[in-house]
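**Student:** Next one to model:
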Amino acid sequence: MECTLSGNAVKGLHRAVACLARVGPELLLEALPDKVTLRSLNSARSAFVAITFRRHFFDRLQLSSSSAQCGVLLKAVCTVLRTQPGSVERMAITLPDSNASKLKWTIDCLNAGLRKTYWISCNNDIEMQHVAIERNIFPSNLVARPRDFSRLLANFQSSLQEITLIATEPFLAPTESEGKAVELRSYIDPVKENNDGALHTQLWIDPAEELRDYHHTGVAVDVTFSVKELKAFMNFCEGSEADMQLFFDKAGSPILLAPKFSVDDAANADFDATLVLATMLGSQLRSSDSASDRAPTDAQLAQGAPQAGYTTPKNAANKETAAMGSGPRSDHTVIWSELSDERSAQQLFGKDLSNWIAADTDEENDGDGFCVQATPPHRRG
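**Tutor:** Model (predicted):
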């Protein structure tokens, strides 16, 4: 197998490898006459990513047999790709035969006719992973611009490992009063130690404001999944100038992420990608009362925090009433945070345990970019 690429294709390969390296330790390469697929699986077998480049992505793709495959360490591939894409004139990847012990990388640089050659050890006894999940089997999905979704995630602690996405059916009301049907909530594992000082954050989103598309019907569902792989795939989509589409079902079922192209771009796209993530079995909506314990207080609701758009075991019965138009007007994306440890909270906020933040996202220079208000502590029990 030999494939050569240049120009923007080199940049695309760099983005793909960077994404794969954030997921797993090993790169599984499979070449067919019409495409080359790069795959990686994390050690916990909870995240799988596959990025496929079609034939016209390459300047040249030639196989001596019907297929070729090998496995190499992503750490070694990242070392090869330290050369900046802008200084690469042409790159070639060669696997001499199906039993070859080395994968050859040749990089021709623009300056002074420099050529770099690397030989990376192959693992030919690999089990080529395939995850066959059709996108149309998922009842719910959303589409977001990667940059917008990254801005939403910036409201959470950088050390957050898992996040919960809660989807409710949009209110049956005019667009101008549509409720916030999507919630992002930080997940703090109660089993782990040293959770004192962890920041519990909940963010309510109006799909009409923050998302390109949103589809969910029926009862509220939630999925809890890893943030690390989500961010890696989000960066890949942003660099590829594609939106990000997230397909999901319910707690315990896997979620699938894929780039979303416009109608014109989809016909000419030279790559496709999927990220499959396992989700936690337990539903955060029904497994405990902790979510309702941290629901906004009356004082917070009076300041604009959503009530009907937030589904917990205590207010799920009121969903039908909310659907009749009693949901809050969607002027802000609303964020509410609370520190786990009372001492840490008092050190940070001075007095109170709980703060909510109404973040103005209308991009108007009206002086109300962030409204932060301390409220009396919400006591449990």
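**Student:** Can you tell me the element Val72 falls in?
**Tutor:** Element membership for Val72, per DSSP states H and E: strand 68-73.
**Student:** again with Val223
**Tutor:** strand 221-226.
**Student:** Can you list the low-confidence ranges for the stretch 51-200 of the chain?
**Tutor:** For the stretch 51-200 of the chain, the stretches flagged by pLDDT under 70 are 128, 171-179, 193-196.
**Student:** Now do the strands in it.
**Tutor:** Remark: strands assigned in the stretch 51-200 of the chain by DSSP state E, counting those that start in this stretch are 60-62, 68-73, 88-94, 102-109, 115-121, 140-144, 162-167, 182-187, 199-205.
**Student:** what's the closest of those strands to Ala132?
**Tutor:** Among the strands of the stretch 51-200 of the chain, strand 68-73 comes nearest to Ala132, with 17.2 Å by Cβ to Cβ. Just so you know, the C-beta spots here come from the backbone N, C-alpha and C atoms, and that holds for glycine as well.
**Student:** what about the residue nearest the centre of the chain, which helix or strand?
**Tutor:** Nearest to the mean C-alpha position of the chain, counting by Cα atoms, centre = their mean, stands Leu230 at 2.6 Å. Per DSSP H and E: Leu230 is located in helix 227-239.
**Student:** and that helix, how far out from the chain's middle?
**Tutor:** Distance of helix 227-239 from its chain centroid, counting by Cα atoms, centre = their mean, to the nearest Å, is 5 Å.
**Student:** just stretch 268-288 next, same as before
**Tutor:** For stretch 268-288 - counting by Cα atoms, centre = their mean - the centre lies 8 Å from the chain centre.
**Student:** all helices of this protein, in order?
**Tutor:** Per DSSP state H, the chain carries helices over the ranges 8-21, 74-80, 146-153, 207-210, 227-239, 263-268, 290-293, 298-302, 319-321, 342-349.
**Student:** ranking those by mean pLDDT, which is last?
**Tutor:** With a mean of 38, helix 319-321 has the lowest mean pLDDT of these.
**Student:** ok so, going back, turn the helices of the chain into a markdown table, columns for distance to Asp59.
**Tutor:** As requested, the helices of the chain are exported to a markdown table (distance: least, Cβ to Cβ, whole Å):
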| stretch | distance to Asp59 |
| --- | --- |
| helix 8-21 | 7 |
| helix 74-80 | 18 |
| helix 146-153 | 28 |
| helix 207-210 | 40 |
| helix 227-239 | 21 |
| helix 263-268 | 17 |
| helix 290-293 | 53 |
| helix 298-302 | 58 |
| helix 319-321 | 56 |
| helix 342-349 | 55 |
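**Student:** if we can go back for a sec, ok and the helix holding Leu230 relative to helix 8-21, angle-wise?
**Tutor:** Orientation of helix 227-239 against helix 8-21 (axes from the mean of the first three to the mean of the last three Cα atoms, to 10 degrees) gives an angle of 170 degrees.
**Student:** which helices and strands does helix 227-239 pack with?
**Tutor:** Where contact means 3 or more Cβ pairs under 8 Å, 6 or more residues apart in numbering; DSSP states H and E, helix 227-239 is packed against helix 8-21, strand 47-54, helix 146-153, strand 162-167, strand 243-248, strand 255-260, strand 271-277.
**Student:** Let me have those in TSV, adding mean neighbour count as columns.
**Tutor:** Putting the helices and strands packed on helix 227-239 into TSV (neighbours: other Cβ atoms under 10 Å) gives the following:
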stretch	mean neighbour count
helix 8-21	20
strand 47-54	22
helix 146-153	17
strand 162-167	22
strand 243-248	23
strand 255-260	22
strand 271-277	21
